[in-house]
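J.: turn this into a model:
(one chain, ligands or ions: 1)
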Amino acid sequence: MSSGTAVGAGTRDGHPLPLDSTDHGWMAQGLCTRRDDVEFFPAKGRRSAPAKVVCQQCGVQLRCLDYAITNEIADGVWGGLSPQERSTIVLRRRSARAGGPGTSAV
Ligand code: SF4
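T.: Here you go, the predicted model:
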């Protein structure tokens with residue numbers, strides 16, 4: 001399965017992280033690099049919960065989540081959140097930067 005991310009090259013099938021990246025050494029520490037049995041890019045209608053469980057146990061979860069949010073990665077489970085969940089954070093950050101009423105940085 002193709003990840004569809006725009007991040008780096010050489011993304012392994014079914015795996016969210018471009019292992020050949022030299023700029024993102026933390027990615028090699030991700031538990032997903034050792035979990036070929038879990039879909040981090042579940043097809044529409046498939047459950048993302050198994051990937052999220054793995055992320056909750058991952059030592060680079062926060063870094064991964066920040067990376068996905070900062071780069072606005074639009075597919076796959078990153079840092080334990082689905083694209084929709086990350087999109088909510090991205091929109092809140094944009095609103096906070098714009099100084100919208102009742103907003104705060106996330
Ligand atoms: S948080 Fe999840 S997607 Fe990110 S590196 Fe860890 S296991 Fe992989």
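J.: where are the low-confidence patches of the chain?
T.: Counting by pLDDT under 70, the chain shows low-confidence ranges at 1-23, 101-106.
J.: in it, what residue is nearest the ligand?
T.: Relative to the ligand, the nearest point of the chain is Gly30 (2.5 Å; C-beta to the nearest ligand atom). Quick note: C-beta positions are derived from backbone N, CA and C, even for glycine.
J.: now that residue. Its backbone dihedrals?
T.: Per-residue torsions, Gly30: phi -60, psi 140 (degrees, to the nearest 10).
J.: before we move on, what about Leu81?
T.: Reported as degrees, to the nearest 10, the phi and psi values for Leu81 are phi -120, psi 150.
J.: tell me the gap between the lengthiest helix in the chain and the middle of its chain.
T.: Secondary structure of the chain per DSSP state H: the longest helix is helix 83-97. In terms of C-alpha atoms, centre = their mean, to the nearest Å, the centre of helix 83-97 is found 14 Å from the chain centre.
J.: that helix packs against which elements?
T.: When contacts are defined as 3 or more C-beta pairs under 8 Å, 6 or more residues apart in numbering; DSSP states H and E, helix 83-97 sits against helix 61-70.
J.: circling back to that earlier point, look at the residue of the chain closest to the ligand and say how many residues are nearby.
T.: 25 (other C-beta atoms under 10 Å).
J.: residues from the chain in reach of the ligand?
T.: Proximity of the chain to the ligand, by C-beta under 6 Å from any ligand atom, involves residues 16-17, 30-32, 40, 54-55, 58, 60-61, 64, 77-80.
J.: at 5 Å what do you get?
T.: Within reach of the ligand by C-beta under 5 Å from any ligand atom, the chain has these residues: Gly30, Leu31, Cys32, Val54, Cys55, Cys58, Gln61, Cys64, Trp78, Gly79.
J.: next, the angle helix 61-70 makes with the longest helix of the chain.
T.: Interaxial angle, helix 83-97 versus helix 61-70 (axes from the mean of the first three to the mean of the last three C-alpha atoms, to 10 degrees): 70 degrees.
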